[in-house]
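Q: With the input below, show me the fold.
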Amino acid sequence: MIRSILMRRMRTMAFLLGLFAIPLMLTGCLSHWFIESETRLQVENATAKYSILSLDVVSLDGSIYSSWIDETILPGERSRVVSADWVGEFKIRLKYTKSADASGDTLVDYRMLDFDGGSMFLKISAEKGSLKYKFR
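A: Numbers count the residues shown, from 1 in each chain. Alright, predicted model coming up:
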């Protein structure tokens, strides 16, 4: 009788330990096996008259900029694929000019974008004088 009570308690304890072990493993360094922690981004300039100069990640208060895509992308061109550890929602800054040859005044566009991790393709087009962002 005592042995049967002890066995039940041991099974209950083993079950509870197993139940708590799964979430603890997922919150630690093992979570990178299940969640992509890196984003590979390529940007396409689908505009006819705008040249993209760079795409930066910006801190929420706007005081810190981290360059992600730092190359000139002329109309109809694509950037190279660049990897970074940006997963989640971030404020980005796009620097561009209103010319097809990257000359003229530098303009800036700020957006909040959500990066899910993995490979992402961002197509930037112009519609009625404003830029439109679309992930494919």
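Q: Helices of the chain, start to end?
A: 2-27 (DSSP state H).
Q: quick one, what contacts the nearest residue to Asn45 once chain neighbours are set aside?
A: In space, Asn45 comes closest to Ile73 once its chain neighbours are excluded; the distance is 4.4 Å by C-beta to C-beta, 6 or more residues apart in numbering. Bear in mind the C-beta positions are built from the backbone N, C-alpha and C, glycine included. By C-beta atoms under 8 Å, 6 or more residues apart in numbering, the residues touching Ile73 are 43-45, 51-52, 79.
Q: what's the answer for Val43, then?
A: So Val43 contacts 52, 55, 69, 73, 78-79, 122-124 (C-beta under 8 Å, 6+ apart).
Q: which of the residues you listed lies closest to Leu113?
A: Leu113 lies nearest to Leu122 out of the contacts of Val43, by C-beta to C-beta, at 7.9 Å.
Q: and the closest one, what is it in contact with?
A: 41-44, 113, 133-135.
Q: Could you do Leu60 as well?
A: Here Leu60 is in contact with Lys91 (C-beta under 8 Å, 6+ apart).
Q: one more time with 10 Å
A: The contact partners of Leu60, by C-beta atoms under 10 Å, 6 or more residues apart in numbering, come to 90-91, 112.
Q: now Gly104
A: Contacts of Gly104 (C-beta under 10 Å, 6+ apart): 51, 96-98.
Q: rewinding a little: who wins on neighbours among the contacts of Leu122?
A: Sorting those by how many neighbours each has (other C-beta atoms under 10 Å) puts Val43 first, at 25 neighbours.
Q: before we move on, back to that, TSV please, covering the contacts of Leu122 and showing pLDDT and distance to Trp86.
A: As requested, the contacts of Leu122 are arranged in TSV below (pLDDT from 0 to 100; distance: C-beta to C-beta, whole Å):
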residue	pLDDT	distance to Trp86
Leu41	95	8
Gln42	97	14
Val43	97	13
Glu44	97	18
Leu113	93	9
Tyr133	96	15
Lys134	96	18
Phe135	94	14
